[in-house]
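Asks: could you look at this predicted model? Sequence included:
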Amino acid sequence: MPTIGIKRDLLFKSLGKTYTDDDFQKLCFEFGLELDEVTTEKQMITKEQGEDSQLTSGASEDIIYRIDIPANRYDLLCLEGLVLGLLIFQGKISPPIFKALKPSKGDLQKLIIKPDTARIRPFAVAAILLNLEFNQDTYNSFIDLQDKLHQNICRETDP
């Protein structure tokens, strides 16, 4: 089961509500998730590297919720997906409707997998997303989602 680390304050801001740790744990349980740990970046580094680690000096004290995500719920592997899922579950929003659109100008783009790449990664998916704005948190979430997808879906793909 993959585990994600989400900054608590950013999560609550995105959900539009502040929860106690117990209340958020109950929400997770009702939704089918497990709030595994409440920690900070500094505590995680100390746990992994030890008290004397120099990495802790610049580490954040922001509260991080480590949440276990079921292996079949790749949509929940990032803050944005988790928030969307929770808001839909709570009946606060309707599920989105996604559409594949043809470009208004030019041709469709192609993803070409070359033979050398196909030996390692025979399947790939791509999308062109328009009109997005990233800040540091959303950029970090996007990169972390790509890493989580790679670790969970793309592992052991050797032919």
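Replies: Happy to help now that I have it.

Asks: now the helices for this structure?
Replies: Using DSSP state H, the helices found in the chain span residues 8-15, 21-31, 41-49, 79-89, 115-120, 136-152.

Asks: out of the ones you listed, nearest to residue 128?
Replies: For those, distance to residue 128 was read as CB to CB. The smallest value, 14.3 Å, belongs to helix 136-152. Where you see a C-beta, it was placed from the backbone N, CA and C, and this is true even at glycine.

Asks: how long is stretch 26-43 from one end to the other?
Replies: Criterion CA to CA, to the nearest Å; first-to-last residue distance in stretch 26-43 is 24 Å.

Asks: same thing with stretch 42-60?
Replies: Stretch 42-60 has an end-to-end distance of 6 Å (CA to CA).

Asks: give the rounded mean pLDDT of that stretch.
Replies: The average pLDDT for stretch 42-60 rounds to 67.

Asks: if you rank every helix and strand of this structure by mean pLDDT, what lands last?
Replies: helix 41-49 (a mean of 72; mean pLDDT, DSSP states H and E).

Asks: okay, now residue 76: neighbour count?
Replies: By the criterion of other CB atoms under 10 Å, residue 76 has 23 neighbours.

Asks: picking that back up, can you put the helices of the chain in JSON lines and add mean neighbour count and distance to residue 96?
Replies: Below are these laid out as JSON lines (neighbours: other CB atoms under 10 Å; distance: least, CB to CB, whole Å):
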{"stretch": "helix 8-15", "mean neighbour count": "16", "distance to residue 96": "15"}
{"stretch": "helix 21-31", "mean neighbour count": "14", "distance to residue 96": "18"}
{"stretch": "helix 41-49", "mean neighbour count": "15", "distance to residue 96": "31"}
{"stretch": "helix 79-89", "mean neighbour count": "18", "distance to residue 96": "7"}
{"stretch": "helix 115-120", "mean neighbour count": "10", "distance to residue 96": "32"}
{"stretch": "helix 136-152", "mean neighbour count": "14", "distance to residue 96": "17"}
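
Asks: sounds good, over and out.
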